[in-house]
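Enquirer: show me how the following folds:
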Amino acid sequence: MMTMLTIDHGSDVPLVEQIVQGIRLAIANGTLPSGVELPPVRQLANDLAVNLNTVSRAYQALQASALVHTARGRGTHVTNTKEATSVPSQSPKVRIGEGVQRILADAKLAGFQRKETEAILARQLDHFWPRKSVPKRRLNNG
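Expert: Model prediction:
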């Protein structure tokens, strides 16, 4: 799994946040289902060429949001596919709404048209919530 996790050392986004977001995305899209063990801190730090403390802080943030659990000597495992809100005073709907607003603003400022943006959103929705095929019903002709 972690071979799929990439970070950008030149990004303005802190490395801890990049690791957290990468793992959150993998949990959300089902690549990391509940029960899967994450690589040890030392291994992931080596793989990503980052400091051990950076990975440790990322794992702590994921544990604080109830997505993973770390047990000394047993590793860190995905324990949940639903995140506990990190800001108690902010409802998930408000937090998600604000996130969608930022994404749409980014798309508009990047010059995307509405139809283009809708197509991107539709693909991502289908990725996270695949549509189940519904069998076609036949009409009785008498």
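Enquirer: what about residue 83, neighbour count?
Expert: Neighbouring residues of residue 83 were enumerated by other C-beta atoms under 10 Å; the total is 16. The C-beta positions use only the backbone N, C-alpha and C, and glycine is treated the same way.
Enquirer: from the centroid of the protein, which residue is nearest?
Expert: residue 25 (1.8 Å; C-alpha atoms, centre = their mean).
Enquirer: what's the helix or strand for that residue?
Expert: For residue 25, the element it lies in under DSSP states H and E is helix 15-28.
Enquirer: give me the contact list for that helix.
Expert: For helix 15-28, contacts defined as C-beta atoms under 8 Å, 6 or more residues apart in numbering pick out 1, 4-9, 11, 13, 32, 38, 44, 48, 50, 54-55, 57-58, 61-62, 67-68, 78, 81, 83, 128.
Enquirer: what comes up buried for it?
Expert: Buried residues in helix 15-28, counting neighbours by 16 or more other C-beta atoms under 10 Å, are found at 15, 16, 18, 19, 20, 22, 23, 24, 26, 27.
Enquirer: from these, which is closest to residue 93?
Expert: residue 24 (17.8 Å; C-beta to C-beta).
Enquirer: wait, which of the buried residues of helix 15-28 is closest to residue 95?
Expert: residue 24 (12.9 Å).
Enquirer: can you give me how far the single longest helix found in the chain is from the chain middle?
Expert: Counting by DSSP state H, the longest helix found in the chain is helix 92-109. Helix 92-109 sits 15 Å away from the centroid of its parent chain (C-alpha atoms, centre = their mean, to the nearest Å).
Enquirer: what's the answer for stretch 57-75, then?
Expert: Centroid separation between stretch 57-75 and its chain, computed with C-alpha atoms, centre = their mean, is 15 Å.
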